[in-house]
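1. The following comprises the amino acid sequence and a computationally predicted model.
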Amino acid sequence: MSDLFAADPAETDKARPLADQLRPRSLDEVIGQTHLLGPDGTLRRMLASGRLGSLILWGPPGTGKTTVARLLADQIGFRFEQISAIFSGVADLKKVFEKARFERLSGHRTLLFVDEIHRFNRAQQDSFLPVMEDGTVVLIGATTENPSFELNAALLSRSQVLRFESLNAEDLENLLQRAETLLGARLPVTDEARATLLGLADGDGRALLGLVEEILASARSEETLDPTALLTVVQRRAPIYDKAQDGHYNLISALHKTIRGSDPDAALYYFARMLDAGEDPLFLARRLIRMASEDIGLADPQALPLAIAGRDAYQMLGSPEGELSLAQVVVYLALAPKSNAVYTAYKAAVSVAKSTGSPMPPMVILNAPTKMMKGQGYGDGYVYDHDTPEAFSGQEYFPEKIGRQNFYNPVERGFERDLRKRIDYFARLRAEKSRRRDGD
């Protein structure tokens with residue numbers, strides 16, 4: 001007797017998420033990652049050699065890490081076992097390892113795919129080492145975080161790290177066309193809205209297909225969405241950014257280097273990206289203050305007070321008005337003359353101070369608050385600089401043990417050009433006064 005309530009296979013297939021329906025069935029169908037899967041790609045060469053070692057697949061979400069791992073297992077004829085570090089513990093790992101050992105006795109090798117492998121603690125990561133070394137499993141771990149920071153050195157030394165890149169606009173367009181072919185119709189959006197849609201996906205193929213499903217579920221019949229209408233239909237995807245992890249450090253590094261590189265437009269772009277992703281504006285204000293000292297210094301003495309004023313303005317105005325004050329600082333610092341002379345001078349002074357112990361300053365510049373100290377020569381021969389015609393005595397202030405040092409060397413940019421002239425002037429005076437003293 002037929003079951004009247006049995007699901008229609010065609011309808012069941014349609015009920016599956018679009019990303020699942022479009023999952024590639026071979027490595028040739030994978031979109032993107034040509035540096036790994038192209039004719040000369042790293043993974044292609046591994047497969048051609050007949051040997052596949054343990055791998056760490058590092059990259060943003062929706063770039064095909066899970067799919068590629070599954071297809072690699074098919075390609076080399078291994079069992080595919082998948083676990084997630086979010087939902088698994090030591091007991092789960094032991095079961096997986098025991099099953100892999102049993103299957104190996106039957107001649108079946110296991111490719112173990114661990115999603116979010118960085119979520120495992122150090123001890124859990126160490127538990128993979130014996131089964132990797134004895135060949136019980138070939139491990140493929142997937143992570144969105146920088147493996148250098150999140151994975152044990154021992155685990156990394158036994159694996160090859162492969163970086164997955166965000167899908168570019170061409171990749172996303174190819175994926176969208178595949179979805180339209182499966183659906184049998186073009187997505188009801190204008191060309192401008194189509195470009196907006198690809199931008200909203202932010203390099204994530206899975207996110208793109210999720211947005212397509214939102215459009216199909218929400219758009220009215222015979223309606224063609226322009227960019228404004230599109231944004232009212234779909235939920236904006238949050239940028240890939242974790243304030244405590246790799247995305248955070250990548251963008252603050254980019255902001256710092258674009259300001260140092262005197263590119264105000266690029267600096268504003270990274271500044272806006274960090275704010276858009278939810279970064280604390282006061283964190284950015286503190287970093288701008290640091291940049292004013294480290295990369296501009298006395299080439300523009302106004303840079304530091306302006307950076308501090310930008311922070312104070314933000315604290316007074318709050319968000320969103322206060323962000324404009326910080327944006328003003330970003331542009332000013334990017335266009336300011338650059339010098340790290342104070343920064344390098346300070347580091348050099350610290351190095352000498354740490355390496356030379358505690359030598360006594362010259363007696364001539366020490367105070368003599370008691371008769372005994374005066375009798376021992378404290379302050380003897382000190383020349384009050386303001387009593388000289390140039391307000392410069394030219395005395396030696398470094399301890400005799402280490403001798404005169406040169407830490408600060410201004411650059412020929414901005415206000416430091418004038419400081420360079422002053423330093424040269426004082427050096428000439430010092431030399432002249434030294435010759436006179438020696439002559440006396």
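-> Yep, it's here.

2. Now name the helix or strand holding the closest residue to Val30 other than its chain neighbours.
-> Closest residue to Val30 apart from its sequence neighbours, by Cβ to Cβ, 6 or more residues apart in numbering: Pro24 at 4.9 Å. The way it works is simple: take the backbone N, C-alpha and C, and place the C-beta from them, glycine included. For Pro24, there is no helix or strand it lies in under DSSP states H and E.

3. Pro24: neighbour count?
-> Pro24 has 15 neighbours, counted by other Cβ atoms under 10 Å.

4. Report pLDDT for the residue nearest to the spatial centre of the chain.
-> In the chain, the C-alpha nearest the mean C-alpha coordinate belongs to Asn250, at 1.7 Å (Cα atoms, centre = their mean). Looking at Asn250, its pLDDT stands at 82.

5. And for Ala10?
-> Here, the pLDDT recorded for Ala10 equals 48.

6. what does Met360 give?
-> In this model, Met360 carries a pLDDT of 88.

7. same thing with Gln235?
-> 65.

8. Pro320 too?
-> 84.

9. Would you mind measuring from it to Asp265?
-> To Asp265, Pro320 is 21 Å away according to Cβ to Cβ, to the nearest Å.

10. Below-threshold pLDDT in this structure: ranges please.
-> For the chain, applying pLDDT under 70 flags the ranges 1-15, 219, 235-247, 439-440.

11. the domain parsing of it - what is it?
-> For the chain, the domain assignment from automatic domain parsing gives the residue ranges 33-163, 169-233, 246-335, 360-439.

12. now these in TSV, with distance to Lys347?
-> Formatted as TSV, the domains of the chain follow (distance: least, Cβ to Cβ, whole Å):
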stretch	distance to Lys347
domain 33-163	25
domain 169-233	39
domain 246-335	11
domain 360-439	9
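
13. So which of those domains is nearest Val342?
-> domain 246-335 (4.0 Å; Cβ to Cβ).

14. show me the contacts for Pro362.
-> 395-400 (Cβ atoms under 8 Å, 6 or more residues apart in numbering).

15. that older thread, wait, doesn't the residue nearest to Val30 sit right on Gln33?
-> No. Contact between Pro24 and Gln33 fails when scored by Cβ atoms under 8 Å: they sit 11.1 Å apart.

16. Stretch 122-129: which residues count as buried?
-> 124-125, 128 (16 or more other Cβ atoms under 10 Å).

17. Got the phi and psi for Val137?
-> phi -140, psi 150 (degrees, to the nearest 10).

18. which ones are touching it?
-> 81, 96-97, 100, 110-112, 128, 131.

19. where do the strands sit along the protein?
-> Secondary structure of the chain (DSSP state E): strands located at 55-58, 79-84, 110-115, 137-143, 160-163.

20. In JSON lines: those strands, plus distance to Asp312.
-> What follows is these, written out as JSON lines (distance: least, Cβ to Cβ, whole Å):
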{"stretch": "strand 55-58", "distance to Asp312": "40"}
{"stretch": "strand 79-84", "distance to Asp312": "46"}
{"stretch": "strand 110-115", "distance to Asp312": "46"}
{"stretch": "strand 137-143", "distance to Asp312": "40"}
{"stretch": "strand 160-163", "distance to Asp312": "41"}
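
21. between these, which one is nearest to Asn409?
-> Nearest to Asn409 among the strands of the chain is strand 160-163 (40.1 Å), distances taken as Cβ to Cβ.

22. Neighbouring strands - and their directions - for the closest one?
-> strand 55-58 (parallel) (DSSP bridges).
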